[in-house]
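In: pasting the structure only:
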């Protein structure tokens, strides 16, 4: 999802909320996890406190998942740098979920891809690519490394680094989802950047605009409620070299960017799963993606060349 598309969606939410005389609308927009987070809900009391608590959830995960600078022993960077670390509750849970995610995706999501991911991001900034010899070396390092968690201590075995970019936003959004449920907040819309949207269960469905990966046009409108929608696309981190598209969405098996799709949308009940699965599916081929969606009982939209090439959605999408 593009950020610019969320504003008309928010306008629909405001209209819905304003129709209730017993509850007040609450809205906030802030930067966390390298993107804009938009929170919109209605409740009858303690709304400002809820906004503060939700913001704290995102910022806590932002600190834990940071792999660019030290956060006083509380971040992935600190673990990568020191190779062992006493864990905060948030970082411990996030690491455990990332290990589970690797198993749930049969290795298509791998949190130990950090070194190779950084090399590709640096190459893309230079409008270049990573040499095959370097890729082979980094894959060997990744495949011979592991994360060991004992009690509240994590140890990195081998020389690989951790990157939690494919799970952190979804993990944080799912924590917020549970917070809203625990506090009996039942009408909400959460937009955690371009790639993760959480909708509540209300009488009318939300209309989510689906944009083409490389321009500003919509290819469809998704009608949805009580679901999380995650998108993976190389739109903002890519370069071309001799007609080949290079980007940050890497196969953990080949170490290369994969271009079977231009975007992948996953719709399911859990924001963290949606985030991880969209990352994993993007580096599968179409038959693997179909089977994975069937096995996990999730809904997906696969796009290539500006159009849908496969969807498992029923009739809840309006094509444009």
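Out: That came through, no problem. Predicted model only: the values in this text are computed from it and were never measured.

In: I'd say residue 265 and residue 298 touch.
Out: No - look at residue 265 against residue 298 with C-beta atoms under 8 Å: they stay out of range, at 10.4 Å. From N, CA and C alone the C-beta is placed, and that goes for glycine too.

In: The two: which has the busier surroundings?
Out: More crowded of residue 265 and residue 298, by other C-beta atoms under 10 Å: residue 265, with 28 against 19.

In: Report the strands that pair with the host helix or strand of that one, each with its relative direction.
Out: Assessed by DSSP states H and E, residue 265 sits inside strand 263-268. Sheet pairing here is set by DSSP bridges, and for strand 263-268 it gives strand 228-232 (antiparallel), strand 299-304 (antiparallel).

In: quick one, which of those strands is packed in tightest?
Out: strand 228-232 (a mean of 25; mean count of other C-beta atoms under 10 Å).

In: if we can go back for a sec, with mean pLDDT added, can I get the strands paired with strand 263-268 in CSV?
Out: Below are the strands paired with strand 263-268 laid out as CSV (pLDDT from 0 to 100):
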stretch, mean pLDDT
strand 228-232, 94
strand 299-304, 94
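
In: Put together CSV for those, with distance to residue 248 on each row.
Out: Below are the strands paired with strand 263-268 laid out as CSV (distance: least, C-beta to C-beta, whole Å):
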stretch, distance to residue 248
strand 228-232, 10
strand 299-304, 18
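
In: Would you tell me which of those strands gets closest to residue 157?
Out: Judged by C-beta to C-beta, the one of the strands paired with strand 263-268 that comes nearest to residue 157 is strand 228-232, at 28.6 Å.

In: Not counting that closest one itself, show me its contacts.
Out: 1, 170, 173-174, 177, 194-199, 208, 222, 249, 263-271, 273-275, 277-279, 281-282 (C-beta atoms under 8 Å, 6 or more residues apart in numbering).

In: Determine the set of other helices and strands touching the next helix-or-strand element following that strand.
Out: Next helix or strand after strand 228-232 toward the C-terminus (DSSP H and E): strand 238-241. Strand 238-241 sits against helix 114-125, strand 244-247, with contacts defined as 3 or more C-beta pairs under 8 Å, 6 or more residues apart in numbering; DSSP states H and E.

In: hey, which of the ones you listed is tucked in deepest?
Out: Taking mean count of other C-beta under 10 Å, helix 114-125 is the most buried of those, at a mean of 19.

In: Tell me the gap between that one and the middle of its chain.
Out: 18 Å (C-alpha atoms, centre = their mean, to the nearest Å).

In: go on, stretch 81-92?
Out: Using C-alpha atoms, centre = their mean, the offset of stretch 81-92 from its chain centre is 22 Å.

In: before we move on, what about stretch 131-141?
Out: So, by C-alpha atoms, centre = their mean, the centroid of stretch 131-141 is 26 Å from its chain's centroid.

In: quick revisit: contacting residues around the strand holding residue 265?
Out: 210, 213, 222, 224, 227-233, 235, 273-274, 277-278, 281-282, 289, 296, 298-303, 313.

In: now for the helix or strand following it, which elements pack on it?
Out: On the C-terminal side of strand 263-268, the closest following helix or strand by DSSP H and E is helix 271-282. Secondary-structure packing of helix 271-282 (3+ C-beta pairs under 8 Å, 6+ apart): helix 89-104, helix 168-182, strand 196-199, strand 228-232, strand 263-268, helix 286-296.

In: possible to save those as JSON lines with distance to residue 62?
Out: Shown next, in JSON lines, are the helices and strands packed on helix 271-282 (distance: least, C-beta to C-beta, whole Å):
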{"stretch": "helix 89-104", "distance to residue 62": "10"}
{"stretch": "helix 168-182", "distance to residue 62": "8"}
{"stretch": "strand 196-199", "distance to residue 62": "14"}
{"stretch": "strand 228-232", "distance to residue 62": "18"}
{"stretch": "strand 263-268", "distance to residue 62": "22"}
{"stretch": "helix 286-296", "distance to residue 62": "27"}
